[in-house]
Structure formats: structure tokens, C-alpha cells
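S.K.: One predicted model, sequence on top.
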Amino acid sequence: MAKGKKPGKSGGGKKPAGKATKKTVAKKPAAKPVVKAKAAAKAKPVAKPAVPAPRPAPRRPVKARAAAVRMPAARPAGKHHAAPVVANIYERDLDRNAANYAALTPLQFLERSASVYPDWPSVVHGKRRYTWGQTYERARRLASALDKRGIGIGDTVAVMAPNIPEVYEAHFGVPMCGAVLNALNTRLDAAMIAFILDHSETKVLMADREYHGVIKEALAKASVKPLVIDIADSEYGEGEPVSDLTYEAFIADGDADYAWEYPADEWNAVSLNYTSGTTGNPKGVVFHHRGATLSAYGNATQWAMGMHPTYLWTLPMFHCNGWCFPWTLALVAGTSVCLRRITAKTIFDALADEDVSHMCGAPVILNFIINARPEERRKLPYTVEFMTAAAPPPAAVLEAVEKQGFHITHVYGLTEVYGPATVCAWHDEWDQLPSGEQARLKARQGVRYAAEDGVAVLDPTTMKPVPNDGATMGEVFFRGNLVMKGYLKNPKATQEAFAGGWFHSGDLGVAHPDGYIELRDRSKDIIISGGENISTIEVEGVLYQHPAVLEAAVVARPDEKWGETPCAFVVLKPGASATAEEITAFCRANMAGYKIPRTIVFRDLPKTSTGKVQKFVLRDWAKAL
């Protein structure tokens, strides 16, 4: 049993939590013959087979064009040169065929869980309860309804909604018809949404009523005119519809037995995620079926989730497709507990009421938990597994949250690597260390996911590894199956990102003697003061140790003498007090003198919807001081 795991979570004997609204046995789609691209046509729904049908056949071509097959460039052959095919007995009469090969796709996870565990709870949202059989049926109806509208390979379907069942279903229903899912950041303004709709050539937009105003404004600005579908979530209330066509009416027109098919190529796009766009327009990161599948496997194995975990959605599903956890939960037949409003109280209520075993979130969620008021808390008689990433969590925060009954797993990644791509893999002997030392080790970004081919700290100029001394800084690079296809319609940015055969993360870090990496800063955030490099992450880690500090962020402030000096923006805990002089004195006792912030500013921190501090805003504030 994994550390912190509750009894009964890893087996199949637990009774489903909650009562399903409808009992449905999952039906596998019927197999269909593969047709030539030029002869392809829209398939009609097939009749329900009298006996269980084989799994989905390879996807048919859509719009009279087959998906291009692309394979990554081979690694240098080294001393093991490939033998000529004619002489290689292992390549003779051993061709790939339908019996021994299928494209990797996370869609098969939903079909399998619906087949094996049709009555197990899949999604919980307020009074709504769905089983895996029902979720599979709803996803197939969505795919069928989109197919009837002519949506298929090469088309973008966008959704703008909080963590609700409709977004979860879209992670399967949209790619089931061959289209690409673009889950929109719910905090974007109308101009940015309009840019994304146009850039991705969106054909269908599904939107929650809460965002009626910004969606209407965005559609007025956009050049594209997508089909708009209204999502009426019972947990939100009435609200003003974004369209006369509701989501429930739309999928009701779909076929529950829709014969979806595997992608013709696992390199086909499955989803589109836009980067934050802190400088200029955001870039569209394209995920493929292969990467999404392997990321889901990686989450399940690197975190040791077991079967049937109960997972609380505090991480937005629009952020790297929820770090690929919608697909991970289908793989392990887990239960998704949706949370529309995230506060300390709603988190603790969901943990206690739904018997949650796992959750993910940025350090901002950790702060919700640590600083919850007594009236917001609920007693948890078990340990909750918590995976955190996004901004590097200070060791002091990790230590505090683990003392409150949460077992932390620290991962690291970016949108371009499907979310988590490294994990701070734990060693049993570290359990004997003092809690502060454990937290320091756990704050490191760790080692690569098993599905990732390589993660390294390299000198970006020479592309050679830096020494594993925990001090020499370099840039963090990735390569392998958990790296994006590239940036949509942006070949220049794609080529730059992949220069030298590695993905350039832009993050600066060090490699420790044990091979674990640790971030020191973003390349654009490093402070150069009097010729000395100062890691803002290191300074922030010290500030978080101050008993009165709730949050802290450090940026460079221009200085006539030193060029730049550290400027700290600090948020104090409710009811706590501290002066700038006290903060400075604390820093002087815990770090080298040249690293001490010369300026302390007490004010709230600007953040993205995923909890990342917007340092470009802080830099502007610092310049204006």
C-alpha cells in the first residue's frame, strides 16, 4: 500500500459512493473495415451488436484526407548500426498489422473502465452522480452529435467552463470524433479569447453561463463564427444562456452507440493548450494521442494511485488538460469529485464528504489548506495524497502542510511537456531525517517520469551537462514522448524550442550529486546584482520561513550602483504583523548579504488562474517604485 493510502482504495471491493442516476452497461463500438482516404465518408451509427463487439477499429479518414504519419527522427546509431532489412531476420515477414498493433490513445481507457466497471462512480458534482457506463455513453453522444455537424479531424472544439462534468466528458467526446479539444482558461479577457478562437479556427464553442458576458464580447471581436453551445450547470444557478442550444439537448441528438474509432496515427493531435502569454499573444501547444496516453500511465505509476482512487478537482482542467488526469482517472477507474468554487471550506467539505484520497494543485491550494480557519476545517481521519507543482513550493510550506495530514508528492513540468514530467521520487531512508530536511529534499524537482526519454541541466551555449554539484546553474532541457508536437501555426517558435534536439524549458536549475534537479529561477527572472547571480526562488524560500509571511515573490529592481537588487513583495498571514525592517533582519540572519532584498513591499500578489505569480507585473511595479 502506498504511503498515506487509505484502506480499500486499491482494490475493487469498495461499494460505489453515491447513487447513480441511471444504470447503464457500457457497450463497445463495433469494428468497421478501414477504407481508403478518397473513398471515406461519414459513417452511419451502427446497430447494437448481439454479442460484445471488438474494440474500436483504426480511425477512418475524414474530409477525404488521411492524417499524415510522422515519426520522430532516429537517435544517432552509435556502434549499433542498423542491419540491412534483407539481412535482418527480425524484420522479415514480421510486419505491423491490425492483430499486433494499435495506436496509443487515452480514449481506450474510458471504454475499458465502462466495460469492466460500468456501475462504479466516475464523476461526482453536487447532486449529480455518474457511473463509468453513463460517462462513456455521454461522451459517445457528444462525439456523435459533433460528427453529425461535420466536425472531425483537423477541427477545433473549445470549451470554457470550470471543473464540471461537461469538461470531463469533452476530454473524450471531442477526440472520439477526431477533433481537437481546446479547454479555455476561464480567467481570460474577451480580446484574448477572440485571438484564441481565431488562431485555432474554432468550429464549436461550449461555454458555461457564468462566462456569458465575456463570451458574447469575444464572439463579437472574433472573425470565426463557431457553433455555440450553452452549458447550464445546476451548481451555478440560472444565469443567462450563451446560446439557445443547450449541451444536454445537443448530446441528446447523439447516438449512445456511436462507433468511434482509434486515431489512424497516435501522432494525431488530441488537444490544444495555450500558454499564459505574459508577453504578446500566447502560443498554442499541441498534444498528441501518444503523449497523452503515456502521460496518463506516468501519473498513475509515478504516484502509485492504485485502482479506484477518489480525486478532488482543485487543479483546473484547462491547465495542461488537468495535467492529463482526466485520462489518468479513466485508466484507473477513479472517481472525479468536481469543485466549481475553490475555497478552504469547499476543499475541506469535499475531502470529508466524498472520502477523497488524492488531489492536485499549485502551492496556492496548499496555502488554502495551511491557513484555513478553524470553522472552515473538517476532521480527516486519514492521509490525503497531494501532488503539487506549478510554482516551486517553498520547503516551509511543504513541511507545514504535511503536519496537517497531507502527504506531498512534488512534480515539475510545463505545458509543453504535458504537465508533470519529473517527480521528486522518494527514498525510504529519507523518512528518518528531520522534517525540515525532508521538506528541503522534497522541494527539489527530482528526476524524469519513466515515459520521458531525458531531462538534463545543460549549458545552453555548449549544450553540455553542468556538473552535478548542486551549485552550477544551467537550463533545464527535456526530450522524449512527453514533449509536445509543437506550437500551432508557429514554425519559428517550434524550431527554436527544439533546437539542438532538446526542448528548451527556459527554467534555470542545478543538478545535485544524486542526479536530482532543482530549479533556481526562470532565465528571465534571475537577478544579476553587482555581477552576482541571485536566485529569486532561494530568496523567496527564506522569506516563507518567517512566521508572519503568507506569500512572497522576489523580482529585480533597477539600481544605479548594482545594476539590479532584489525587491520582495510580501503578503502577511491574517492577524500577523511585521515591518520591513523585521523582514530584512530575518533575511540577514538566513542568507548572504548581497541576496537580501533592498526593498520590501507589502501588497497582494497578481496571479494567473493556475496560481503562478505574474512576475512581469511585479517587475513593472518594482521599476515604478
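M.R.: It's in.

S.K.: which stretches of this protein aren't confidently modelled?
M.R.: 1-86, 276-280, 390-393, 531, 609-611 (pLDDT under 70).

S.K.: biggest helix in it by residues?
M.R.: In the chain, assigned by DSSP state H, the helix with the most residues is helix 132-148.

S.K.: name the helices or strands packed onto the very next helix or strand once past it?
M.R.: With elements assigned by DSSP states H and E, the helix or strand that comes after helix 132-148 is strand 156-160. Helices and strands touching strand 156-160, by 3 or more Cβ pairs under 8 Å, 6 or more residues apart in numbering; DSSP states H and E, are helix 165-176, strand 180-183, helix 190-199, strand 202-208. The C-beta positions use only the backbone N, C-alpha and C, and glycine is treated the same way.

S.K.: Tell me the strands beside the shortest one, with direction?
M.R.: Paired neighbours of strand 180-183 in the sheet (DSSP bridges): strand 156-160 (parallel), strand 269-274 (parallel).

S.K.: buried set for that strand?
M.R.: Along strand 180-183, these residues count as buried under the neighbour rule (16 or more other Cβ atoms under 10 Å): Val180, Leu181, Asn182, Ala183.

S.K.: again, but for stretch 422-438
M.R.: Going by neighbour count (16+ other Cβ under 10 Å), the buried part of stretch 422-438 is Thr422, Val423, Cys424, Trp426, Gln438.

S.K.: do stretch 237-246 as well
M.R.: Using 16+ other Cβ under 10 Å as the test for burial, stretch 237-246 gives Val242, Ser243, Thr246.

S.K.: Domain ranges for the chain, per the record?
M.R.: Per the record, the chain has its domains at 20-31+49-58+93-107+130-287, 525-624, by automatic domain parsing.

S.K.: Can you pull up the most central residue in this structure?
M.R.: Trp323 (2.0 Å; Cα atoms, centre = their mean).

S.K.: ranges for the strands of the stretch 251-400 of the chain?
M.R.: 269-274, 284-288, 310-312, 335-337, 358-361, 384-388 (DSSP state E, counting those that start in this stretch).

S.K.: okay, these in TSV with distance to Phe586 and mean neighbour count next?
M.R.: Shown next, in TSV, are those (distance: least, Cβ to Cβ, whole Å; neighbours: other Cβ atoms under 10 Å):
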stretch	distance to Phe586	mean neighbour count
strand 269-274	39	25
strand 284-288	40	23
strand 310-312	35	26
strand 335-337	40	25
strand 358-361	28	26
strand 384-388	25	24
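
S.K.: With distance to Pro566 added, can I get the strands paired with strand 180-183 in TSV?
M.R.: Putting the strands paired with strand 180-183 into TSV (distance: least, Cβ to Cβ, whole Å) gives the following:
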stretch	distance to Pro566
strand 156-160	38
strand 269-274	31
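
S.K.: Which one of these lies nearest to Tyr117?
M.R.: Tyr117 lies closest, by Cβ to Cβ, to one member of the strands paired with strand 180-183: strand 269-274, at 23.3 Å.

S.K.: Can I get the closest one in PDB, CA atoms only?
M.R.: The C-alpha trace of strand 269-274 is given here as PDB (Å, rounded to 0.1, in the frame of the first residue of the first chain):
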ATOM      1  CA  ALA A 269      -3.500  15.900 -32.200                       C
ATOM      2  CA  VAL A 270      -5.700  15.200 -29.200                       C
ATOM      3  CA  SER A 271      -5.800  18.600 -27.600                       C
ATOM      4  CA  LEU A 272      -4.600  22.200 -27.800                       C
ATOM      5  CA  ASN A 273      -3.400  24.300 -24.800                       C
ATOM      6  CA  TYR A 274      -2.400  27.900 -24.900                       C
END
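
S.K.: Other residues contacting it?
M.R.: When contacts are defined by Cβ atoms under 8 Å, 6 or more residues apart in numbering, strand 269-274 is touched by residues 105-106, 156, 171, 175, 180-185, 196, 200, 263, 282-289, 292, 318-321, 415, 485, 488.

S.K.: Quick check on those residues: which are buried?
M.R.: 105-106, 156, 171, 175, 180-185, 196, 200, 263, 282-289, 292, 318-321, 415, 485, 488.

S.K.: Any chance of a markdown table for the helices and strands packed on strand 156-160, columns distance to Val124?
M.R.: As requested, the helices and strands packed on strand 156-160 are exported to a markdown table (distance: least, Cβ to Cβ, whole Å):
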| stretch | distance to Val124 |
| --- | --- |
| helix 165-176 | 9 |
| strand 180-183 | 20 |
| helix 190-199 | 29 |
| strand 202-208 | 18 |
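
S.K.: Comparing those, which comes out most buried?
M.R.: Neighbour counts (mean count of other Cβ atoms under 10 Å) averaged over each of the helices and strands packed on strand 156-160 peak at helix 165-176, with a mean of 27.

S.K.: elements contacting that helix?
M.R.: Judged by 3+ Cβ pairs under 8 Å, 6+ apart, helix 165-176 is in contact with helix 107-116, strand 121-125, helix 132-148, strand 156-160, strand 180-183, strand 202-208, strand 269-274, helix 325-331.

S.K.: Could you pull out the buried residues of the first one?
M.R.: Think helix 107-116. Of the residues in helix 107-116, Leu107, Gln108, Phe109, Leu110, Glu111, Arg112, Ser113, Ala114, Ser115 count as buried by neighbour count, 16+ other Cβ under 10 Å.

S.K.: where does stretch 580-598 sit relative to the chain's centre, distance-wise?
M.R.: In terms of Cα atoms, centre = their mean, to the nearest Å, the centre of stretch 580-598 is found 36 Å from the chain centre.

S.K.: Residues touching it, excluding its own?
M.R.: Outside stretch 580-598, the residues that touch it by Cβ under 8 Å, 6+ apart are 529-530, 532, 534, 538-539, 542-543, 545-546, 549, 554, 557, 559, 565-568, 570, 600, 602.

S.K.: Report the secondary structure state of Glu238.
M.R.: coil (DSSP: H, G, I helix; E, B strand; the rest coil).

S.K.: and what of the one 4 residues further on?
M.R.: Reduced to three states with three-state DSSP, the structure at Val242 is coil.
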